[in-house]
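Visitor: coordinates for the following, if possible.
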Amino acid sequence: MSTTTVEIGVQGMTCGHCVRSVDEELRALPGVTDVQVELVSGATSQVRITSTEPLAADDISAAVTEAGYAVAPPRSLL
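Guide: All right, here's what the predicted structure looks like:
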């Protein structure tokens, strides 16, 4: 079985409760097998989502929003 890994930035998380909320919402998405959060209080936290199915960006964003946080815009390389 192949897996897909997506990395996103999430803004607004400050504590373990924040991490649990985002983790629970993302794990509820179909196919998600693992969620790893690198909490950076006061800045953009990095979240790695592993799934057995492709994940739509809108679905990921909706899950993060449901948890009460925002997906950070992608970084520009310019």
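
Visitor: could you list the low-confidence segments of the chain?
Guide: Along the chain, the parts satisfying pLDDT under 70 run over 1, 75-78.

Visitor: if we use 80, what do you get?
Guide: 1, 74-78 (pLDDT under 80).

Visitor: so residue 24 touches residue 66, yeah?
Guide: No. Using Cβ atoms under 8 Å as the test, residue 24 is too far from residue 66 to be in contact (9.5 Å). All C-beta spots, glycine's among them, are computed from the backbone N, C-alpha and C.

Visitor: ok, residues contacting stretch 33-52?
Guide: Residues outside stretch 33-52 that contact it (Cβ atoms under 8 Å, 6 or more residues apart in numbering) are 1-11, 13-16, 18-19, 22-23, 26-27, 29, 31-32, 55, 60, 72.

Visitor: go with 6 Å
Guide: Contacts of stretch 33-52 with the rest of the structure, by Cβ atoms under 6 Å, 6 or more residues apart in numbering, involve 1, 3-11, 13-14, 19, 23, 26-27, 31-32, 72.

Visitor: how about the biggest helix by length in the chain: buried residues?
Guide: In the chain, assigned by DSSP state H, the helix with the most residues is helix 16-27. Across helix 16-27, burial judged by 16 or more other Cβ atoms under 10 Å covers 18-19, 21-23, 25-26.

Visitor: and the contacts of that helix?
Guide: Contacts of helix 16-27 (Cβ under 6 Å, 6+ apart): 32, 35, 37, 39, 49, 63, 66-67.
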